[in-house]
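# here is a sequence with its predicted model. Questions after.
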There are 2 protein chains.
Amino acid sequence: MPDFTDHLKPRYNGAATLQAERNGSAICVDELSQHLLSRDCFLERQEKIVEVLSQEKLFNKSQQLGLSRVDRYHLGLARAKAIQRIARRQGWDHDDCMMAEYLNDEMSPYHLHMTMFVTTIREQASQQQKQHWMPRILNYDIIGCYAQGELSHGSNVRGLETVAKWDPVNNEFEIHSPYLTASKWWNGSLGRTATHAIVVAQLLVPKQQHGKPSDSLEAGYENHGPQTFIVPIREQRTHQPLQGIVVGDIGPKYGYASMDNGYMLFDHFRVPKSALLTRYAEVSDETGALVRRGHPAVVYGSLTFVRGQIIMHARLVLARAVTVAVRYCAVRRQFRYRDSTAASGACTELQVLDYPTGRIRILPLLATTFALHYTGEYMDDLYSRSREAIESGDFGPLAELHSASSGLKSLSTTLVADGIETCRRAMRGHGFGGGSGLVGLNAEYLSKPTVEGDNWMITQQVVAYLIKKMTAVVQSPTASPQDPTDELFQSFLKRRLHRKPQSVFDPHGHLDDQAIVDVFKWRTADLSYRAYQARLVEKNLWTRLMIQLHNLSRAYSEQILVTNFHTALHSTAGSLSSPTPDVLRTCFRLFALYTLSNSSSSFLLTDSVLRSTLTMLDDSILELMTELRPHAVKLVDSWAIPDFLLNSALGRYHGKVYEELFNMAHRKNPLNKVTFNPDWRSEEIVLGSGDQGRHILAKL
Amino acid sequence: MPDFTDHLKPRYNGAATLQAERNGSAICVDELSQHLLSRDCFLERQEKIVEVLSQEKLFNKSQQLGLSRVDRYHLGLARAKAIQRIARRQGWDHDDCMMAEYLNDEMSPYHLHMTMFVTTIREQASQQQKQHWMPRILNYDIIGCYAQGELSHGSNVRGLETVAKWDPVNNEFEIHSPYLTASKWWNGSLGRTATHAIVVAQLLVPKQQHGKPSDSLEAGYENHGPQTFIVPIREQRTHQPLQGIVVGDIGPKYGYASMDNGYMLFDHFRVPKSALLTRYAEVSDETGALVRRGHPAVVYGSLTFVRGQIIMHARLVLARAVTVAVRYCAVRRQFRYRDSTAASGACTELQVLDYPTGRIRILPLLATTFALHYTGEYMDDLYSRSREAIESGDFGPLAELHSASSGLKSLSTTLVADGIETCRRAMRGHGFGGGSGLVGLNAEYLSKPTVEGDNWMITQQVVAYLIKKMTAVVQSPTASPQDPTDELFQSFLKRRLHRKPQSVFDPHGHLDDQAIVDVFKWRTADLSYRAYQARLVEKNLWTRLMIQLHNLSRAYSEQILVTNFHTALHSTAGSLSSPTPDVLRTCFRLFALYTLSNSSSSFLLTDSVLRSTLTMLDDSILELMTELRPHAVKLVDSWAIPDFLLNSALGRYHGKVYEELFNMAHRKNPLNKVTFNPDWRSEEIVLGSGDQGRHILAKL
């Protein structure tokens, strides 16, 4: 409906502001985008899929934030199905479909089918099993999920309560949930979607081949630990749970509204012998005993790969939050300079991005996107190089890969989850609104610090590895180093007793990049040595050391980020056209100094840096931010996040922030189509409905 | 529907675990609850209101997380109206109604009516205006809101774009929105509920009494800055916007789903002269000029009071998150001791609260609830003591009050917003679920760091005050001190040149509480002096100092929390029965050392503490946590958060965590009542509906 607001303009022109920002930097955005995103044809694929999805009404995102949970799942399923139909029409491959899910920006109810379900069959099923299942899976004739975690056991897989008893008489397994807490829980796609599930259960095999086993739970049985089964869970025609199964959706969560995270219990549910995935273990037809074969470490290889991918994903998520924050804080103006002598006037209001208090929250995170990028690429390359060795049975490279990927998963998801919120707060009032585009992103991403290995728990794997490495180096300080960690520890042991804290500034007060890398390395080595001392020399309880060890993992991972970023400046990034290499160097320094500043006492107490370095940090960070500031908008442009994905009034490429916000509120908000009765004397809620409040009571 | 899960029990008995925790501590919970919550009859009032609300189906919270935004507002309005009816039935007063809103735990669409709207009339209307409006307000015949902030101006009130032109010929004001960005924005209760609004607009008065003013916006007019008007915005019978007004709800946000935060624009909208609230300023009938009278500083008094209340609220919000985390992490067991030699077995799994990595995240926050409490009480008392002076026109005490309340608002809301998320992550997987009870709390509370004075912005008011105080003390170092800040600064100046860093441990390695307080004070004084030097001696630009000044505000506020907590140990808290005073002392030490540890380099670089103190902190914090651990459950019990408010399966008093989680999922989740069609070949979404996806498309 037309009204007088149709012709109003905002007081400041956001589009012109962003254009001026873009004119003010000589960075070649296309070149930098290619540099960052050409791997696996990401950029071209993104463009191709956005083109298609943005034309489909079903993928319009303007209403989804306001939908009920039931409708959110409904929409999620409709979109998942539509993507399959579009994919066949357009000839999309698996990567295209994953890109469509990424751009659609909500967890697909088919997600687990496309990932953990198919991967588990591929890696753990026998050839014969694969022949049976793979065509059905790839054709989506069945929809699968992965049911491992339970109500009271997640990370501790050995503690799972679901059992699968081998019944040699009937040649069947009986899957059973002896406790309420044995309920499978959180498993994606299980609640309403899946027809089949990978079920992880404790395999119980009778101790004697002859004689009926006892009825009590484990008496007479030997527990072979968690094994993997493929189990039909719903009737094909009616989609109702099979007899002996209770299954459903666990209810609303922080995020994942479109995903049916589920629960499932079994009541003496029987499956044939072929349900057990038998690439690595099988119940012998002759003896009834469990026969293991091969080495499932290759499975850890793919887990390590998944953790490496988390870093690549993390950088894009952070880039998205930073894109919104940089663009909005460039357009947004607020107050005049406190020291300004100019007369009051509109044009003297300052861009939020020009306040140090705005910059210090956003620009280090902008630098972090690049830090994550170069380490993501490093891990990707390392995995590719090691893959052949691993597949041929040489698991040597896995230890370093696994350790690095665990520490980096923990650090990068923490940085990004916290970074989204920091960006949001830096945008103040409008950051809290739906127009920020961060409501969904934040809610979904908050899961990351606690899933795929809780961020506090998995750091223990990192430090166990570092302590082992340090022990080996202490014992054989001159053995030929196997990897960069060996080199670092050897060098540390040689110099330990003569260490003098370093400056990161040269005698002229300029930053010394190599010195920056060195202090991060020294801190890591020193903290590793302390951990080795505390655990192996002083024999402290592991539990007592846990906090200290968590900090070591963080230091180690920060050092990896800093080192890889520094290396990239001299390799891939160095050949970009001017001024991009210099700007990236500024990002490197800002990231490193900001990180140093946040943990300064750890650098000080390990004698890594001079106290005088710390007193110079604040000014140095201010200067780096001043250098970076003119390039901020073009740097976020280079991450090439499409408006379709951003879904943000504050962050849109064109900069028409206020027009978009107003449009969302005034023209697209369904709440404004209803007129309410605000008078407390009446039980009627919608004016004129006379419903006496029954509508809402029925939903409670 | 009965099924085999009805008789299943969880493997561990959560209720027995919490009972054992309660048996293991001698704290008298009732006594401590009274100590914490007897002010303004909080405990009795809470009990009275819970009793009533928990019996009303309309206030059942089990479904609201899954409702659509339109239904959330619908529910919010239904509840707001019901509270008014119940209040009249039960004889509730204003405080009872506010308690009902607190326990209902969502922003009421009447919230602004009950707070800013009525307060503004009370404080800024003339006697005559009050006589007209107050009966209508108190009777809820009209519903009001407070429309100050705009689309592009929030904190900067002087930059507001809405204008009110005085028309002396017709004796009217013409309220107008010259730009799109003049749109009122974010104003609660405005979107769908309010009939009237307080509108803040730039008052333009004709420069010449005679001669027609120019048509251009401000030409011929003098701008008297923002003034306050009461304006009818909707027609009484139809609840439609009045001619010349466009108004609506701004759409979904992070939180506040039940609240209709709104937008509003005016097209030459005319209101009578009586619309201007005239206690402090009036347009003269004779001259047409603005006549100001009285001192509106009393208004700042009530703003200061509001900020003080934010601390009291913050402690309860944090107590709620900590209650959930402590109870759940006591019930939850995970893994066995790494160093344990016992054979594998269920009972050896450790309570999450017994891992240092669990404790370090939760127990310092538990200590923080008490730190916030004693400073909240201190501010409350200080305000009460100063109120008489302020109302009689002596605004002297306001400066210190205003400064302290600003810094503390910033610090406490940051601590609590971050603390909720820390608790959530400490609960790992289930923390992300709806059963945590933190989804809504988190979404709502995330607004706090940026509203009522953005947490970064308002710290400037604090440091401007501190610099002014330091300047005065430098100039007159022996003048009679007016307040504790003067005393601190005088003492600092005397000792500054001979300072030696302190330990917080006595020669026997025991903590010295007074020394703890002293180092917090020294750091504040030292940073204040540096700020004074940088700004007044070195004449740095304010902008350049902003980050440094933000850190000073935090240090100053942390020192207030530590000092008040320490004082309380010797006054009110000291008389509690044993072991409560000792446990509170442990909380004090843990809060202080944890805070010190988080900013350790700031303490070091100001020569507040010895380097050796820092190396002892980690062990000392571990020991304090071990001391506190047995009392954790009873300490959270003392905050007396009712299950009705917690609304948390993980945090319920009885400890039946898994039964509650399962009940929510299996018996209360409406998504499980729908059977879907997961086959991508069909466009049908609900199985058997044959709707071909039209249901969801219609909502997009």
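Yep, that arrived. Numbers count the residues shown, from 1 in each chain, chains lettered A, B, ... in the order given.
# how about residues contacting stretch A:473-485?
Around stretch A:473-485, the neighbours that count as contacts under Cβ atoms under 8 Å, 6 or more residues apart in numbering or on different chains are A:400, A:466, A:469, A:472, A:486-487, A:489-490, A:493-494, A:532, A:563. To be clear about C-beta, it is placed using only N, CA and C from the backbone, and glycine gets the same treatment.
# give me the mean pLDDT for stretch A:32-50.
What stretch A:32-50 shows for mean pLDDT is 97.
# whoops, stretch A:371-379 was the one
Here stretch A:371-379 scores 95 as its mean pLDDT.
# I'd like to know which of the contacts of stretch A:473-485 are buried.
A:400, A:466, A:469, A:486, A:489-490, A:493, A:532, A:563 (16 or more other Cβ atoms under 10 Å in any protein chain shown).
# spatially, which two of these are the most separated?
A:532 and A:563 (21.2 Å; Cβ to Cβ).
# stretch A:533-550: end-to-end distance?
Its first and final residues considered, stretch A:533-550 spans 16 Å by Cα to Cα, to the nearest Å.
# list the contacts of stretch A:71-80.
Under Cβ under 8 Å, 6+ apart, the answer for stretch A:71-80 is A:58-59, A:64, A:67, A:104, A:106-110, A:192-193, A:249, A:257-260, B:68, B:671, B:676, B:678, B:680, B:685-686, B:693, B:695-696, B:699-700.
# next one: that stretch to chain centre, how far?
22 Å (Cα atoms, centre = their mean, to the nearest Å).
# so where do the helices sit in the stretch 451-600 of chain A?
Using DSSP state H, counting those that start in this stretch, the helices found in the stretch 451-600 of chain A span residues A:459-475, A:484-495, A:513-532, A:542-570, A:580-598, A:600-605.
# related to what we said a few turns ago, closest to residue A:364 out of the contacts of stretch A:473-485?
For residue A:364, the nearest member of the contacts of stretch A:473-485 is residue A:563. The distance, counting by Cβ to Cβ, is 18.1 Å.
# list the residues that contact that closest one.
With the criterion set at Cβ under 8 Å, 6+ apart, residue A:563 makes contact with A:484, A:517, A:520-521.
# what parts of the stretch 501-650 of chain A come near chain B?
Proximity of the stretch 501-650 of chain A to chain B, by Cβ under 8 Å from any Cβ of the partner chain, involves residues A:541-544, A:546-548, A:550, A:600-601, A:604-605, A:611, A:614-615, A:618, A:622.
# helices of the stretch 1-150 of chain A, start to end?
Counting by DSSP H, counting those that start in this stretch, the helices of the stretch 1-150 of chain A are A:14-23, A:29-37, A:42-53, A:69-90, A:94-104, A:111-112, A:118-124, A:127-138.
# out of the ones you listed, nearest to residue B:369?
helix A:69-90 (32.0 Å).
# export that closest one as PDB, just CAs?
Extracted C-alpha coordinates of helix A:69-90, given in PDB (Å, rounded to 0.1, in the frame of the first residue of the first chain):
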ATOM      1  CA  ARG A  69       9.600 -24.600  14.500                       C
ATOM      2  CA  VAL A  70       7.200 -27.000  12.800                       C
ATOM      3  CA  ASP A  71       7.200 -24.800   9.700                       C
ATOM      4  CA  ARG A  72      10.900 -24.400   9.900                       C
ATOM      5  CA  TYR A  73      11.400 -28.100   9.600                       C
ATOM      6  CA  HIS A  74       8.600 -28.300   7.000                       C
ATOM      7  CA  LEU A  75      10.500 -25.600   4.900                       C
ATOM      8  CA  GLY A  76      13.800 -27.300   5.400                       C
ATOM      9  CA  LEU A  77      12.500 -30.600   4.100                       C
ATOM     10  CA  ALA A  78      10.700 -28.900   1.200                       C
ATOM     11  CA  ARG A  79      14.000 -27.200   0.300                       C
ATOM     12  CA  ALA A  80      16.100 -30.400   0.700                       C
ATOM     13  CA  LYS A  81      13.700 -32.200  -1.700                       C
ATOM     14  CA  ALA A  82      13.700 -29.300  -4.100                       C
ATOM     15  CA  ILE A  83      17.500 -29.200  -4.300                       C
ATOM     16  CA  GLN A  84      17.500 -32.900  -5.300                       C
ATOM     17  CA  ARG A  85      15.000 -32.200  -8.100                       C
ATOM     18  CA  ILE A  86      16.900 -29.100  -9.200                       C
ATOM     19  CA  ALA A  87      20.200 -31.000  -9.100                       C
ATOM     20  CA  ARG A  88      18.900 -33.600 -11.500                       C
ATOM     21  CA  ARG A  89      17.400 -30.900 -13.800                       C
ATOM     22  CA  GLN A  90      20.600 -28.900 -13.800                       C
END
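# okay, angle between that helix and helix A:94-104 too, please.
When axes from the mean of the first three to the mean of the last three Cα atoms, to 10 degrees is applied, the directions of helix A:69-90 and helix A:94-104 differ by 140 degrees.
# okay, domains of chain A per the record?
As assigned by automatic domain parsing, chain A contains the domains A:115-294, A:300-635.
# among those, which is nearest residue B:450?
Residue B:450 lies closest to domain A:300-635 among the domains of chain A, at 4.6 Å (Cβ to Cβ).
# about what we covered before: from the contacts of stretch A:71-80, list the buried ones, please.
Of the members of the contacts of stretch A:71-80, the ones counted as buried by neighbours, 16+ other Cβ under 10 Å, are A:58-59, A:64, A:67, A:104, A:106-110, A:192-193, A:249, A:257-260, B:68, B:671, B:676, B:678, B:680, B:685-686, B:693, B:696.
# what mean pLDDT does the strand or helix carrying residue A:322 have?
Residue A:322 is part of helix A:297-331, with elements assigned from DSSP states H and E. Rounded to a whole number, the mean pLDDT of helix A:297-331 is 87.
# now do that helix against helix A:42-53, angle only.
Going by the same axes, to 10 degrees, helix A:297-331 makes 70 degrees with helix A:42-53.
# okay, angle between helix A:297-331 and helix A:542-570 too, please.
For helix A:297-331 against helix A:542-570, the angle by the same axes, to 10 degrees is 70 degrees.
# any idea how far helix A:297-331 is from the middle of the chain?
Put simply, helix A:297-331 sits 6 Å off its chain's centre (Cα atoms, centre = their mean).
# now do the buried residues in it.
A:298-331.
# contacts for the helix or strand that it is followed by next, please.
Using DSSP H and E, the helix or strand that follows helix A:297-331 in sequence is strand A:333-334. With contacts defined as Cβ under 8 Å, 6+ apart, strand A:333-334 is touched by A:12, A:349-352, A:355, B:152-153, B:155-156, B:159.
# ok, and the most crowded of the contacts of residue A:563?
In terms of neighbours by other Cβ atoms under 10 Å in any protein chain shown, the contacts of residue A:563 top out with residue A:520 at 26 neighbours.
# which residues does the nearest residue to that residue once chain neighbours are set aside contact?
Using Cβ to Cβ, 6 or more residues apart in numbering or on different chains and skipping the chain neighbours, the partner closest in space to residue A:520 is residue A:559 (4.2 Å). Residue A:559 makes contacts with A:520-521, A:523-524, as judged by Cβ under 8 Å, 6+ apart.
# what sits up against stretch A:525-539?
Counting by Cβ under 8 Å, 6+ apart, A:463, A:466-467, A:469-471, A:474, A:488-489, A:491-493, A:496, A:540, A:542, A:545, A:548-549, A:551-552, A:555-556, A:602, A:606-608 sit against stretch A:525-539.
# quick check: buried residues in it?
A:525-532, A:534-535.
# adding pLDDT, write those residues out as CSV.
Below are these laid out as CSV (pLDDT from 0 to 100):
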residue, pLDDT
A:525, 98
A:526, 98
A:527, 97
A:528, 97
A:529, 98
A:530, 97
A:531, 97
A:532, 97
A:534, 95
A:535, 95
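# what's the closest of these to residue A:389?
Distances from residue A:389 to the buried residues of stretch A:525-539, taken as Cβ to Cβ, are shortest for residue A:528 (25.6 Å).
# out of the contacts of strand A:333-334, who has the most neighbours?
Neighbour tally across those (other Cβ under 10 Å): the maximum, 28 neighbours, falls on residue B:152.
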